[in-house]
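Visitor: All I have is the shape, not the residue letters:
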């Protein structure tokens, strides 16, 4: 400690991590493409069906580039994806990208609401628990977080439906169907249960991270010093402890966003929410390969990007890591 | 024996976890023997309220809910346990090999495992199930495959500590083969972190397998299964809530139970809080701090 950090080494560590991130993105795209190559038959036969004439099949194969070598197909597919052409849905014959853009916007709204409401809530609860360590509030909140951390999202979602929308109370709609062409905000009540489910799902992790890191900071000498100087408890916590406790939590928040890329799939399905995840489940049940490829690639890219961000933040806020390369 | 386990674990949360787990285990193990009717027979109109013939009413196709409930748990538990054991064994082998070999082999093994971690897991599962179909062996392999990289990190970190010990040096000096050193010297000494990790992994296996069943991508109808039951009977919740409510409750109690136990086991073994904040360890030093931080507890790997 005390000596300046070797800045060029820090830059190299960051660059290495970014490169690794890009490499995993590339690998992810190869896995997605290769996996769909393993399918028995091909997309053309799936579109034409059994009754199609051989000429028709051949023409479609040519149109879908299925007559080219796999490596060329991969290049064309990835190139198309990057320029916004993800192929034609096998289910309704319309461009995949059109369906995905609308669903992506819906999912993004959902996730934004979850992060904007859920994270501050978990941070506030975590700080309160840390300040009242081992007192009833802390014990209750910690036990609750431990229990909630284990329950699968679909179980949380169904339990909320049972309680608030069907059996016990009838306050909220049990499904979040949105008529095509209307905004998800047209009926805001539709959003309440999916958002609540995902908030309950992300609460435990953020809560436990901020609580543990706040306890570490509150035990440190400079906080003791501030207390001895006679500063008010609120001032100490908000101005002196929180900035230091929140740094490690930023990474936890980024990881939470990454989790949501997968978490949205099941929760959207539970509520029939018209997002990219629900679309993916439907596509899997209908074996709509171009849609599956596109949705998986987008969600995986989001996941990789957020994890990369989390790592970069971790490197930047952790002195141990900043000097790890020396 | 039971008293010794109770004394080993801190009271409170561990005891609750053990009781919850015992309750659900009892239902899944002894339940099938008590099923009053066949889970596949149609005994009446759909979604009947509980009555003298069907104590918990009937489901979407008019089958006995109680019988389906009693028979719907052991597959989830069995498959989860199998996936966990396979994943932990594979991860332990890879992690020990990486940690003991060091150098290029270490780097290659761990980087390849990182590729698996680059996917949101439920999405990778959807991708493979969409291609191969809803086969149970596939689901066990997928879930085990998700566990292996995380377990490998834990095993590698523990191995790196153990290989410096004198008894390993001694075994090398007297010319013991590398395989024997791995299995007889290193493996027994990294068992504690592995068991703790396996506990966390079990909860996650249950959640993922139940979730895939719920989505209709695991166990197929008409087989009774808690995850599937929830989805099948959702539409009749207002008429007969039991075929939804009870599987929801049982899955929740089961996962809470295993998680409380795993958490208590971790604290008993390492004396640390559920959420690890150190983010350090060998995994962090090679630039994967995020994954290291996510190790142990938390949604990032419990749920993702």
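Guide: That came through fine. A quick note: this is a predicted structure, and the numbers were derived from the prediction, not measured.
Visitor: Sketch out the low-pLDDT regions of the chain for me.
Guide: Unless you meant another one, I'm taking chain A. Applying pLDDT under 70 to chain A flags residues A:1-7, A:39-52, A:64, A:177-182, A:186, A:317-326.
Visitor: Hmm, no, I was thinking of chain B.
Guide: In chain B (pLDDT under 70), the answer is B:1-11, B:271-304.
Visitor: Relative to chain A, how far out is the most centrally placed residue in it?
Guide: Geometric centre of chain B, nearest residue: residue B:202, 2.2 Å, by Cα atoms, centre = their mean. As judged by Cβ to the nearest Cβ, to the nearest Å, residue B:202 and chain A stand 10 Å apart. In this view, the C-beta of every residue, glycine as well, is placed from N, C-alpha and C.
Visitor: Excluding chain neighbours, what is closest to that residue?
Guide: Leaving out its chain neighbours, the residue that sits closest to residue B:202 by Cβ to Cβ, 6 or more residues apart in numbering or on different chains is residue B:84, at 4.8 Å.
Visitor: show me the contacts for residue A:312.
Guide: A:14, A:17-18 (Cβ atoms under 8 Å, 6 or more residues apart in numbering or on different chains).
Visitor: picking that back up, what does the residue nearest to the centre of chain B show for phi and psi?
Guide: Dihedral angles of residue B:202 (phi, psi; degrees, to the nearest 10) stand at phi -60, psi -50.
Visitor: same check, this time on residue A:86
Guide: Backbone geometry at residue A:86, expressed as degrees, to the nearest 10, gives phi -100, psi 20.
Visitor: Quick one: residues in contact with stretch B:86-102.
Guide: B:105-106, B:109-110, B:113, B:140-141, B:143-160, B:163, B:178, B:181-182, B:186-187, B:190, B:194, B:197-198, B:201, B:205.
Visitor: So how do I select the buried members of the residues you listed in ChimeraX?
Guide: In ChimeraX syntax, the buried subset of these is picked out as below (16 or more other Cβ atoms under 10 Å in any protein chain shown):
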select /B:106,109,110,113,140,141,143,144,145,146,147,148,149,150,151,152,153,154,155,156,157,158,159,160,163,181,182,186,187,190,194,197,198,201,205
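Visitor: So which of the contacts of stretch B:86-102 are in helices?
Guide: Taking DSSP state H as the definition of helices, the contacts of stretch B:86-102 contribute B:105-106, B:109-110, B:113, B:140-141, B:143-160, B:178, B:194, B:197-198, B:201, B:205.
Visitor: Tell me how many other residues surround the nearest residue to residue A:95 once chain neighbours are set aside.
Guide: Closest residue in space to residue A:95, ignoring its immediate chain neighbours: residue A:88 at 6.1 Å, by Cβ to Cβ, 6+ apart. Close neighbours of residue A:88, defined as other Cβ atoms under 10 Å in any protein chain shown, add up to 19.
Visitor: Same question for the one 4 residues further on.
Guide: Counted by other Cβ under 10 Å, the residues lying close to residue A:92 total 12.
Visitor: That one: what's it in contact with?
Guide: With Cβ under 8 Å, 6+ apart, residue A:92 has these contacts: residue A:99.
Visitor: and it, helix, strand or coil?
Guide: Of the three states, residue A:92 takes coil according to DSSP: H, G, I helix; E, B strand; the rest coil.
Visitor: so residue A:134 is in which element?
Guide: Per DSSP states H and E, residue A:134 falls between elements, in no helix or strand.
Visitor: and if you look at residue A:21?
Guide: helix A:7-37.
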